[in-house]
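K.L.:
Mind looking at a prediction? Sequence and model below.
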Amino acid sequence: QVQLVESGGGLVQPGGSLRLSCAASVVSGFTFRSYAMSWYRQAPGKERERVAVISATGGTTTYVDSVKGRFTISRDNAKNTMYLQMNSLKFEDTAVYYCNAAGFGSIYWGQGTQVTVSS
């Protein structure tokens, strides 16, 4: 089992930046470095969408078109932590951001962190 805890959300003006973190607290049976990790977001009234995904080793990353060139996903397997650097934020980036670990038939979610882009 594992607990995923997001942090780093907040209120930011358009054009600003935020860095989200997702820390994995391992209880047992979970090896962070073996799991692909993703960031999802859900805006009010909309379905949850996957924003970015990073492979277990960090060698491969994929982004939804709307954030390409602005967001960067990364991970530090030694620290059991994943990051999302968000630059040039737009109003439409406002959402609750969730981290996700998937692999070996299991899926884990964090509780989410609110990102609000407002002037």
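P.N.:
Received, thanks.

K.L.:
okay, now Tyr35: neighbour count?
P.N.:
24 (other CB atoms under 10 Å). C-beta coordinates here come from the backbone N, C-alpha and C atoms, glycine included.

K.L.:
Verify the stated contact: it with Gly103.
P.N.:
Yes: counting by CB atoms under 8 Å, Tyr35 does reach Gly103; the two are 4.3 Å apart.

K.L.:
between the two, what contacts are shared?
P.N.:
The contact sets of Tyr35 and Gly103 overlap at Ala56 (CB atoms under 8 Å, 6 or more residues apart in numbering).

K.L.:
element containing Thr72?
P.N.:
Element membership for Thr72, per DSSP states H and E: strand 71-76.

K.L.:
same deal with Leu84?
P.N.:
If you go by DSSP H and E, Leu84 is part of strand 81-86.

K.L.:
where does the residue minimising distance to the centre of the chain fall, helix, sheet strand or coil?
P.N.:
Closest residue to the average C-alpha location of the chain: Trp39 at 2.9 Å, with CA atoms, centre = their mean. Trp39 falls in the strand class when you classify it by DSSP: H, G, I helix; E, B strand; the rest coil.

K.L.:
just to revisit the earlier point, what's the average pLDDT for the strand holding Leu84?
P.N.:
Averaged across strand 81-86, the pLDDT comes to 98.

K.L.:
what sits up against that strand?
P.N.:
17-24, 37, 39, 51-52, 54, 67, 70-76, 93, 97, 99, 115.

K.L.:
One more pass at 7 Å, please.
P.N.:
Contact with strand 81-86 is made by 17-23, 37, 39, 52, 54, 70-75, 93, 99, as judged by CB atoms under 7 Å, 6 or more residues apart in numbering.

K.L.:
just the strands in the protein please.
P.N.:
With DSSP state E, the ranges of strands along the chain come out as 2-7, 10-12, 18-26, 36-42, 49-54, 61-63, 71-76, 81-86, 95-103, 106-109, 113-117.
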